[in-house]
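>>> show me the folded form of this:
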Amino acid sequence: SHPSYRHMADRCGTVFLQKQLNQQLTNHIRETLPSLRDKLQRQMLGLEKEVAQYKHFQPNDPSIKTKAMLQMIQHLQQDFERAIEGSGADGVNTMELSGGAKINRLFHERFPYEIVKMEIDEKVLRKEIAFAIRNIHGIRVGLFTPDMAFEAIVKTQIGRLREPSLKCIDLVVQELTNVVRAVTEKMQRYPRLREEAERIITTYIREKEQACKEQVMLLVDFQLAYMNTNHEDFIGFANASSDSQNAENTGKKLGKVTNQVIRKGYMAINNLGVMKGIGGSRSYWFVLSSESLSWYKDGEEKEKKFMLPLEQLKLRDLESSFMSRGHMFAIYNPEGRNVFKDFKTLDLSCEAQDDMDSWKASFLRAGVYPEKQTSEGTVGEGEEEGERRESVDPQLERQVETIRNLVDSYMKIVTTSCKDQVPKIIMFLMVNDAKAFINGELLAALYSTGDTQNMMEESADEALKREEMLRMYHACKEALNIIAEVSNVTLGGGASKMSTPSYGQSNAAPAPARRPPPPSASPRLPPARPAPGGLPPPMVPQRR
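Residues are numbered from 1 along each chain as shown. Now for the predicted structure:
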């Protein structure tokens, strides 16, 4: 109240400090509340979609269990359809082939490779033909080429198609089982339902597998039952005798077009660096055509490293070593000649098994066949074969060549039909039938077990997840209500109420000012106490 401090009295004291702190707190709340409210609203909206089914959820309600089962089966049908047919872009696997894409690769790459791999060696085949001709002639001297030798050799070759066909069926069954296991992962909420659905589908696929194998065996038996030598693509005895060399070349390189590029991609050469003392492998860009294999520094194909002719080359698998990466195979010359400069083999490797299978199938199209699997004792028969070749007469040699060309021509027809019919049998009897079963009979099969109530029991993890989600949803909702109340008080004209201090001094009466001492007091008085909200007045001496 002193005149010297009257101009700043309203900005001094604890009352003013309380007002300033309250004002700063109010401003901070005004700035922070909108962003906090938006964050909670977004989180609550994200939870509402998942919580909507839990608001009135009763785990033991039969209607809810029935609805959940129908939804699970419907999603299973859609996911299986997308996995096989490739329709839709939801959840596409970008790391590896799966589902219908892998089955397609089995049909058009792995299955033809297995067929060619099972073919018998050329020397062994000619030896069998010569023995068949001699045994059919018996003690007589044969003047003409016997057609019974052709039929005997062709039946032997057709019988070899059973193994690759059955192996193709096994691989398709394995992939279908993987697809079923993948599409049932979304049923983890009900583990018993998932287990039962997976069991029913897998059992059905196994049943169709047996029917599919029986049909493939019938297909081979059909080919063995009748030799259609009047087929339009069969060369016949006359053409086999006159065009033996051309028939042999066309038989060795099936479907080959001059200078046609078959495949491009990266592979690693493993044995070049080892020979140079570098170790490891180096990747190059390879271009495989129908006549040669070329590799470049990179995909621009500007700097060519080498071009390797494919004539008389073979292919064999290699075991991966500690210095190699991925899956390996080698290209070599059966006669022991150098393939590339001073190297007997060209060791190549791919990072993935699918890439190696695709490259092998491409080499088949180029006429590079895999190494033949010969039985024990074949190597030791070289001397006997040499003696036979020395003592063979020219007439028998011509007959062997004729039968060989006929077998080659007819087996092209049979293998082409097998490559076309086996995938169709698998698709009709197993893949399409499995889709129809899932779409039409799976639900009925689940109800026929008579234990649907127990199958629809939730897992403990799912119950905890539901409770946690509901708790978070209600916490967000309560937090938004509190923010709304604070906003009404802070922003809706209640700032004056909030500015009132509540620290225990707002309701206390101000301390009364001390009266001045009487005139008889000591001449030197102590300084007066400051008035509320002001500074102490200056010291002024009093007169006696």
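>>> backbone dihedrals for Leu318, please?
Leu318 adopts backbone torsions of phi -130, psi 150, taken as degrees, to the nearest 10.
>>> does the nearest residue to it once chain neighbours are set aside count as helix, strand or coil?
With Cβ to Cβ, 6 or more residues apart in numbering as the criterion, Leu318 has its nearest non-adjacent residue at 4.0 Å, and that residue is Met328. For glycine as for every other residue, the C-beta is placed from the backbone atoms N, C-alpha and C. Three-state assignment for Met328 (DSSP: H, G, I helix; E, B strand; the rest coil): strand.
>>> what number of residues lie near Met328?
Applying other Cβ atoms under 10 Å, we find 20 residues neighbouring Met328.
>>> tell me the bridge partners for it.
Counting by DSSP bridges, Met328 is bridged to Leu318, Ser349.
>>> roughly how far does it sit from Glu485?
According to Cβ to Cβ, to the nearest Å, Met328 and Glu485 sit 72 Å apart.
>>> now do Met430
With distances taken as Cβ to Cβ, Met430 is found 65 Å from Glu485.
>>> try Leu76
According to Cβ to Cβ, Leu76 stands 48 Å off from Glu485.
>>> Glu301 now?
Glu301 sits at a distance of 72 Å from Glu485 (criterion: Cβ to Cβ).
>>> ok, the two, which is more surrounded?
For Glu301 versus Glu485, the count of surrounding residues by other Cβ under 10 Å is larger for Glu301: 13 against 9.
>>> you'd agree that one is up against Val287?
Yes: between Glu301 and Val287 there is a contact at 6.9 Å, judged by Cβ atoms under 8 Å.
>>> can you pull out the strands in the stretch 301-450 of the chain?
For the stretch 301-450 of the chain, the strands defined by DSSP state E, counting those that start in this stretch cover 304-309, 314-318, 327-332, 345-350, 369-370.
>>> point out the most buried one among those.
strand 345-350 (a mean of 21; mean count of other Cβ atoms under 10 Å).
>>> and the angle from it to strand 327-332?
Here strand 345-350 runs at an angle of 150 degrees relative to strand 327-332 (axes from the mean of the first three to the mean of the last three Cα atoms, to 10 degrees).
>>> who does strand 345-350 touch, helix- and strand-wise?
Judged by 3 or more Cβ pairs under 8 Å, 6 or more residues apart in numbering; DSSP states H and E, strand 345-350 is in contact with strand 261-269, helix 271-275, strand 327-332, helix 353-365.
>>> closest to Ala211 out of the ones you listed?
Among the helices and strands packed on strand 345-350, helix 353-365 comes nearest to Ala211, with 27.3 Å by Cβ to Cβ.
>>> pull the longest helix from the chain.
Looking across the chain with DSSP state H, the single longest helix is helix 14-51.
>>> now do that helix: which elements does it pack against?
For helix 14-51, the packing partners by 3+ Cβ pairs under 8 Å, 6+ apart are helix 460-491, helix 495-499.
>>> can you put those in JSON lines and add mean pLDDT?
JSON lines is the format used below for the helices and strands packed on helix 14-51 (pLDDT from 0 to 100):
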{"stretch": "helix 460-491", "mean pLDDT": "76"}
{"stretch": "helix 495-499", "mean pLDDT": "43"}
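>>> any chance of those helices in JSON lines with distance to Arg398 as columns?
Compiled in JSON lines, these are given as follows (distance: least, Cβ to Cβ, whole Å):
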{"stretch": "helix 460-491", "distance to Arg398": "77"}
{"stretch": "helix 495-499", "distance to Arg398": "115"}
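>>> who touches the residue nearest to Phe363 when sequence neighbours are not counted in this structure?
Leaving aside its chain neighbours, Phe363 sits nearest to Leu315 (5.6 Å; criterion: Cβ to Cβ, 6+ apart). For Leu315, the contact set (Cβ atoms under 8 Å, 6 or more residues apart in numbering) comprises Phe329, Ala330, Ile331, Tyr332, Lys360, Phe363, Val368, Tyr369, Pro370, Glu371.
>>> tell me the one among these nearest to Asp233.
Within these, the smallest distance to Asp233 is 21.2 Å, found for Tyr369 (Cβ to Cβ).
>>> ok, the closest one touching Val116?
Yes: at 5.6 Å, Tyr369 counts as touching Val116 under the criterion of Cβ under 8 Å.
>>> what does Met456 show for phi and psi?
Dihedral angles of Met456 (phi, psi; degrees, to the nearest 10) stand at phi -90, psi 20.
>>> host element of the closest residue to it other than its chain neighbours?
Distances taken as Cβ to Cβ, 6+ apart place Lys65 nearest to Met456, at 4.0 Å, with adjacent residues excluded. Per DSSP states H and E, Lys65 falls inside helix 62-85.
>>> number of residues surrounding Gln188?
Look at Gln188: counted by other Cβ under 10 Å, it has 12 neighbours.
>>> hmm, it is touching Ala197, no?
No: contact criterion Cβ under 8 Å: Gln188 and Ala197 do not qualify, at 12.0 Å.
>>> now do the helices in the stretch 401-544 of the chain.
In the stretch 401-544 of the chain, the segments counted as helices under DSSP state H, counting those that start in this stretch are 432-440, 442-448, 452-455, 460-491, 495-499.
>>> would you list those helices in a markdown table and tack on distance to Tyr266?
Shown next, in a markdown table, are these (distance: least, Cβ to Cβ, whole Å):
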| stretch | distance to Tyr266 |
| --- | --- |
| helix 432-440 | 37 |
| helix 442-448 | 44 |
| helix 452-455 | 49 |
| helix 460-491 | 44 |
| helix 495-499 | 71 |
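>>> which regions of the stretch 1-150 of the chain sit below the pLDDT cut-off?
Filtered on pLDDT under 70, the stretch 1-150 of the chain yields the residue ranges 1, 49, 52-61, 87-94, 119-122, 137, 139-146.
>>> so which elements touch the helix or strand harbouring Leu176?
Per DSSP H and E, Leu176 falls inside helix 162-183. Helix 162-183 sits against helix 62-85, helix 100-105, helix 111-117, helix 191-225, helix 394-426, with contacts defined as 3+ Cβ pairs under 8 Å, 6+ apart.
>>> Gln157 is nearest to which of those?
helix 394-426 (5.4 Å).
>>> so for the closest one, what gets flagged as buried?
Neighbour-count burial for helix 394-426, counted by 16 or more other Cβ atoms under 10 Å, picks out 396, 399-412, 414-415, 418-419, 421-423, 425-426.
>>> quick revisit: now do the residue nearest to Leu318 against Gln453, distance only.
Per Cβ to Cβ, Met328 is found 55 Å from Gln453.
>>> check Met427 too.
According to Cβ to Cβ, Met427 stands 38 Å off from Gln453.
>>> which one's more surrounded, these two?
Met427 (16 against 11).
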